[in-house]
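Enquirer: coords please:
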Amino acid sequence: MRVVSALAHLAVIHIDVDPALRLGPFTIHWYGVMYAVAFWVGWRFAVTPYLTRRGTSRAEIDRMITWGIVFGLLGGRLYYVLQSDLLYYLTHPQHILAVWEGGMAFFGAILGSVATIVVLCRRRRYPFWLLFDAGVLFAVVGQPIGRIGNVINGDILGYRSTLPWATAYGPKAILQPGFEPGVAYQPAAVYEALGTIAIGLVLLALLRRRVPDGVLSITYVALYSISQLGIFFLRGSEPAIFLGLKQAQWTGIGMLVLGVPLLLMLWRRGRIASAAEPSIDSALPATEAAR
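Expert: Numbering: from 1, shown residues only. Prediction:
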């Protein structure tokens, strides 16, 4: 039995990376570095080419993405606090916005980003579905990169496991309450990254077929909701809240039952009007579009 136990221990993946890189008096968290890389890659290689081909100036793209990132981060962090250990964060409020400790819920980021898009569309007369599609491309390109930060931290884990790809962390990892160094768990952050890559391949196929504005957005919301329903059965860092399901799973069900049909209804009603709308820059005054 001891031999079997030792072999099982050796079979798992051991991660003993310090989540913080210390350069003299400065401390840089790998989690923040990976999110910065994710933002830059999504910004420059997904959103900018997509909107530039649709006649949008770089200045407008940079302005929109900046607001989207700010409120997407805020929504992602607050939703994570709600879905994890709310009592802990209420009693330790200094950790609520401590994003360097890890923990972002992408459903919250989606909600925060969509709210930003709605405000931008109302104030600047931007085409909603065009911006929504651009935000979706930003997400599928950037999210897998950001998950590398979760893998380094060890802050998104599944249940205990002896699978060959199970991960065990050293004492420096930022583990959530209830998880222990040296114990192997399923790498839920890796599952999240692989799920997003699969969704990205579907969106890429749709993009090559030149589908109408809005199809990418609705497809992403539906597929991401389905992925969360499945993946959260393997995630052990969030508690079940009702009928054995976790908050993200109930949000996924709500999106599939209410959110996706509502988006489809809005898309069908507004398709003719959306096709008649001018491009973003043509809807702006000449001096603004020329900036």
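
Enquirer: contacts and neighbour counts: CA atoms only from here.
Expert: Noted.

Enquirer: how about the helices in the stretch 1-150 of the chain?
Expert: 2-11, 30-42, 48-52, 58-83, 86-91, 106-124, 128-153 (DSSP state H, counting those that start in this stretch).

Enquirer: In JSON lines, list those along with distance to L194.
Expert: Formatted as JSON lines, the helices of the stretch 1-150 of the chain follow (distance: least, CA to CA, whole Å):
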{"stretch": "helix 2-11", "distance to L194": "22"}
{"stretch": "helix 30-42", "distance to L194": "15"}
{"stretch": "helix 48-52", "distance to L194": "23"}
{"stretch": "helix 58-83", "distance to L194": "19"}
{"stretch": "helix 86-91", "distance to L194": "28"}
{"stretch": "helix 106-124", "distance to L194": "14"}
{"stretch": "helix 128-153", "distance to L194": "7"}
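
Enquirer: Can you add mean neighbour count and mean pLDDT and give these back as CSV?
Expert: Output for the helices of the stretch 1-150 of the chain, formatted as CSV (neighbours: other CA atoms under 10 Å; pLDDT from 0 to 100):
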stretch, mean neighbour count, mean pLDDT
helix 2-11, 12, 44
helix 30-42, 19, 92
helix 48-52, 17, 94
helix 58-83, 19, 87
helix 86-91, 13, 77
helix 106-124, 19, 86
helix 128-153, 23, 94
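
Enquirer: Quick one: closest of the ones you listed to I231.
Expert: Evaluated over the helices of the stretch 1-150 of the chain, closeness to I231 peaks at helix 106-124, with 13.0 Å, by CA to CA.

Enquirer: quick one, which of the helices of the stretch 1-150 of the chain is nearest to Y224?
Expert: Closest among the helices of the stretch 1-150 of the chain, using CA to CA: helix 106-124, at 8.8 Å.

Enquirer: contacts for that closest one?
Expert: Under the criterion CA atoms under 8 Å, 6 or more residues apart in numbering, residues 64, 67-69, 71-80, 126-128, 131-132, 135, 248, 251, 284 lie in contact with helix 106-124.

Enquirer: so L234 touches R160, yeah?
Expert: No - checked against CA atoms under 8 Å, the pair L234 and R160 is beyond contact range at 9.9 Å.

Enquirer: any residues in contact with both of the two?
Expert: In contact with both L234 and R160: Q186, using CA under 8 Å, 6+ apart.

Enquirer: Other residues contacting stretch 228-239?
Expert: Residues from elsewhere that reach stretch 228-239 (CA under 8 Å, 6+ apart): 83-85, 155-159, 176, 186, 188, 191-192, 245-246, 248-249, 252-253.
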